[in-house]
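S.K.: take this sequence and fold it.
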Amino acid sequence: MLVLLSATSAPAANAQAPGHKLKGESANSYRVLHKIRVPGDGGYDFVYLDEAAHRLYLAHGTEVAVIDTTSQSVVGVIAGLAGAHGISVVPRIGKGFITNGKSDMVTVFDSKMLKATGEIKSTGKSPDALAYDPASRHLFVFNHASGEVTVIDPETNKVTTTLSVGGALEVGRADGRGSVWVNVEDRSEIVRIDSKKMVVAGRYPLAPCEEPTGLGVDANHGRLFVGCGNKMMAVVNAASGKVVTTLTIGPGVDGTEFDPTSGDVFNACGRDGTLSVIHQDTADSYHVVQNLSTQLGARTLAVDTSSHRVFLAAAQFGDKPAPSETTPNPRAPILPGTFVVLVVGK
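M.R.: Here you go, the predicted structure:
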């Protein structure tokens, strides 16, 4: 998941007004409750929630903004980064970690003081997503460009293993039971890593899913939820690696998350500015309950499983420039001062 700069021109936000319901939705439907303004400009990527500490972290170009979800205010900034992407916090040791895609390293920070304390430089190329695995007590960094997974001991900040996976690695998740999963975008497959043996333990095709990015995990039922670039979400049996079913979502998904308490799966689809909500009826039965209008470019998210609120990063975009010899595929620029977090709930 590279820094988000929409390829679609979106001169104005289309955030849904509080209380507005789409046709066919009930009073109990999700809606945009608030917009939190966040200072700073530039691209944006992952959203990470430390639920116990009520802190939301947003990768935002050269910094990570930290929001108190109770007061809905910015309480800190971790600056001096080089293409911030993935974020993870390990509360038991009071440390957090941020990938720097442009400098191929990980920044270590104090999660209480919100200050950078060190760097880990032995990653692969373009470190992107990262995930802490409680089963092995290690941090897994997914390097998008080199197709490697860098395994780090978060207590010592040392790289312990490098696993060769291959392909363009996207979002990775740990199930807490000894498996770490990662989407391989250009191969349309999902890979399982055995975090106890530290080996690649399985490769599973995701057809008809193409360009998998977002990834949610239901550890209790052994199901994976994969957001796909061809406007579908695939449900995968984690034991067999087989695709159980697929459901239609919007275009441009980057973030897919599961709320085990409500049984809802969320897909943030940036190209049409929708949040696709899918409900889990049983482990293998699902239905789409809502396609909420959010904001164009809102394609990464985090879910608070206690309040059942969803946080999405978004900004407004200017007109897409004409292609040139040096920039054949230009992106629409983010308009200064428009970066926000959308708070979605009922």
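S.K.: surely residue 234 meets residue 249?
M.R.: No - the pair residue 234 / residue 249 is not scored as a contact, 10.2 Å apart, by Cβ atoms under 8 Å. In this view, the C-beta of every residue, glycine as well, is placed from N, C-alpha and C.
S.K.: what's the neighbour count on residue 90?
M.R.: By other Cβ atoms under 10 Å, 17 other residues sit near residue 90.
S.K.: contacts only, for the nearest residue to it once chain neighbours are set aside.
M.R.: Once flanking residues are discounted, residue 90 sits nearest to residue 154: 5.0 Å by Cβ to Cβ, 6 or more residues apart in numbering. Residue 154 makes contact with 90, 93, 95, 97, 132, 137, 138, 139, according to Cβ atoms under 8 Å, 6 or more residues apart in numbering.
S.K.: beta-bridge partners for the last one, please?
M.R.: Just to be clear, that refers to residue 139. Beta-bridge partners recorded for residue 139 (DSSP bridges): residue 132, residue 152.
S.K.: equivalent analysis for the first one, please.
M.R.: Each beta-bridge partner of residue 90 is listed here, defined by DSSP bridges: residue 95.
S.K.: coming back round to it: the more surrounded of residue 234 and residue 249?
M.R.: residue 249 (28 against 23).
S.K.: neighbours around the closest residue to the more buried one other than its chain neighbours, how many?
M.R.: The shortest distance from residue 249 to any non-neighbouring residue, by Cβ to Cβ, 6+ apart, is to residue 276 (3.8 Å). By the criterion of other Cβ under 10 Å, residue 276 has 25 neighbours.
S.K.: report the beta-bridge partners for residue 276.
M.R.: Note on residue 276: beta-bridge partners residue 267, residue 291, judged by DSSP bridges.
S.K.: what do you get for residue 181?
M.R.: residue 173, residue 192.
S.K.: what residues are up against it?
M.R.: 172, 173, 174, 175, 190, 191, 192, 193, 215, 217, 224, 238.
S.K.: so how far is residue 178 from the nearest residue to the third one once chain neighbours are set aside?
M.R.: Read that as residue 174. Using Cβ to Cβ, 6+ apart and skipping the chain neighbours, the partner closest in space to residue 174 is residue 133 (3.8 Å). Going from residue 133 to residue 178 by Cβ to Cβ, to the nearest Å gives 8 Å.
S.K.: helix or strand for the residue nearest to residue 151 when sequence neighbours are not counted, which one?
M.R.: Take residue 151 and drop its neighbours on the chain: the residue closest to it by Cβ to Cβ, 6+ apart is residue 161, 4.1 Å away. Element membership for residue 161 (DSSP states H and E) is strand 158-164.
S.K.: torsion angles phi and psi at residue 335?
M.R.: phi -70, psi 130 (degrees, to the nearest 10).
S.K.: how far away is the nearest residue to it once chain neighbours are set aside from residue 333?
M.R.: Leaving aside its sequence neighbours, residue 335 sits nearest to residue 316 (Cβ to Cβ, 6+ apart; 4.7 Å). Applying Cβ to Cβ, the value for residue 316 to residue 333 is 10 Å.
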